[in-house]
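> With the sequence up front, the predicted model follows.
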Amino acid sequence: MGAKKAAALCTAFLLGSAFSMATSIWHNPEANGQRRDVEPLSAGSAPREPQFLAESAGNGASALSTDSAADGSGTAETAKPETPAGVTTASFDEPSTVGKPSAELPPAEQPKPEQPTAETPAPAEATPPADQSSAAEATGTEPAATEVASSEPAVADAAATEAAQSVDEDVDTAGLPAIAWHDDYHQAMEAAVEQQRNMFVLFCDPKWPAEQVAFEQRSLTDSANREKLLRDFVLVKLPTDAVIHSGGKPIRLLSHGAFAEMLGRPGVAIIDLAHPKADYYGHVVSTFPFMTGRYYKRPVLSTILNLPPGTLTQRTMIYAVRIHPEAPASTQGQFHGVLADEANRQSHYQAAVLVQGHQNWDSRVHRISSRVPRISDAKEVVAESWPSEPLVEACIDCVDSWRHSPGHWDAVRSRHPLFGFDIQRGRNGIWYATGIFGHR
């Protein structure tokens, strides 16, 4: 990672439409890839640098069921390369297609909840076309390979294995209700649909014993986390080579485009099956692959389990803000559907023109005002990632870039009654983040 050129993370800040300030923050290549949300297994086991896939597929593919998951793989939603830089965002009296699924599953393959819940206001994640060639034409990007390139590490070293064997010594599991794990993706999906709960998928690999044992015996034994999991989720534990049948054909689950940001690794994924009227229903909305020699801490798992309903990219940006050590307060208000939609649009626009900025801010402010009565003091922050970073790392880096600018950080650290975040990847492999805040 250190051999990569030092990429500029430029950020900008706007207050209303009258004040603006911009800074450029040069990223330290030696710090790239460091994660504050994962804990080393032990002081004696130095974590190995993870080998990220150079390209990861997009985040809009549906994971509805074993037969309803479309064949092929997804790519990140970006506008076509010929999109002119001067195009303005769509007016609100026109139907918006930004962030909406571009391919629907056959009706027979859709889950049929008997008692739909109220529609969640956050916008939808784009569903890539099921056909790989059409996906490439629609997005201008290469489709993901049908098989994920190997990113598994060697078996954990001796120190890490010793940590795994002794990890339960400081954990008191007395009195905790047991977790009844499903071991079948079909059955877990059916149960989640029937109960209108999200599905918590734990992918396991015997080559990662220390990380998995630490996560299960430390983070999953936290009483609050255990209660939340048992109340709000259907839980399934699967091997990383688990195979499902889609369209009558076998496919490795982690090779499906819906799980692309798992990077082919063990770890945690969450599928939304709790909000039947939302466009992200049946989609993967969280992906947290394990890192070699490290595991997700108890408070970090709590953050993951308590993210608001939304798309994969929206929730991961909110996660990155919430796990920052200075505890910025901008996500403590209401995750508002309109602000989330506007953040989605602006991130898509930046990704389309491959330029970070506040393009069309004046028209965006007027649209927000017309859609959210009595809103005031609208603010917007934007940032960009390193090229080809995985989603979680890109979100964390964007938050770090805001931290290094007093004007941006003042907006991100402050509490706002309304907020929206999103991030989208351009065809250049760079992710473009947007945060929008408001009062009323």
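Perfect, I can see it now.
> buried set for stretch 305-325?
305, 307, 309-324 (16 or more other C-beta atoms under 10 Å). C-beta coordinates here come from the backbone N, C-alpha and C atoms, glycine included.
> ok so Gly175 is a helix residue?
No: Gly175: not assigned to a helix; according to DSSP: H, G, I helix; E, B strand; the rest coil it is coil.
> heads up, I number from 554, so please use that
In the new count, where the first residue is 554, that last one comes out as Gly728.
> roughly how far apart are it and Phe786?
20 Å (C-beta to C-beta, to the nearest Å).
> Ala947 against Trp984, yeah?
Yes: with contact defined as C-beta atoms under 8 Å, Ala947 counts as touching Trp984 (3.9 Å).
> Spit out the residues that contact the two alike.
Jointly contacting Ala947 and Trp984 under the rule C-beta atoms under 8 Å, 6 or more residues apart in numbering are Ser938, Ile976, Arg978.
> I'd like the residues you listed as JSON lines, with distance to Ala822 appended.
Shown next, in JSON lines, are the shared contacts of Ala947 and Trp984 (distance: C-beta to C-beta, whole Å):
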{"residue": "Ser938", "distance to Ala822": "21"}
{"residue": "Ile976", "distance to Ala822": "18"}
{"residue": "Arg978", "distance to Ala822": "18"}
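> report the longest helix in the protein, please.
For the chain, the helix that runs over the most residues, judged by DSSP state H, is helix 890-906.
> Moving along the chain from that helix, name the first helix or strand you hit.
Proceeding N to C from helix 890-906, the next assigned helix or strand is helix 914-924, under DSSP states H and E.
> List the pairing partners of the helix or strand following that following helix within its sheet, with orientation.
The element immediately downstream of helix 914-924 (helix or strand, assigned by DSSP H and E) is strand 929-937. Counting by DSSP bridges, the strands paired with strand 929-937 are strand 561-568 (antiparallel), strand 984-992 (antiparallel).
> Quick one: the helices in the protein, in order.
685-692, 711-719, 738-748, 762-767, 776-785, 851-858, 865-875, 890-906, 914-924, 944-956, 959-966.
> Turn these into TSV, including mean pLDDT and distance to Ser839.
Below are the helices of the chain laid out as TSV (pLDDT from 0 to 100; distance: least, C-beta to C-beta, whole Å):
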stretch	mean pLDDT	distance to Ser839
helix 685-692	32	23
helix 711-719	42	24
helix 738-748	96	14
helix 762-767	92	18
helix 776-785	96	13
helix 851-858	97	6
helix 865-875	98	6
helix 890-906	98	16
helix 914-924	94	27
helix 944-956	97	10
helix 959-966	95	21
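> need these in a markdown table with distance to Ala813, can you?
A markdown table is the format used below for the helices of the chain (distance: least, C-beta to C-beta, whole Å):
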| stretch | distance to Ala813 |
| --- | --- |
| helix 685-692 | 12 |
| helix 711-719 | 27 |
| helix 738-748 | 17 |
| helix 762-767 | 20 |
| helix 776-785 | 25 |
| helix 851-858 | 18 |
| helix 865-875 | 10 |
| helix 890-906 | 16 |
| helix 914-924 | 30 |
| helix 944-956 | 9 |
| helix 959-966 | 28 |
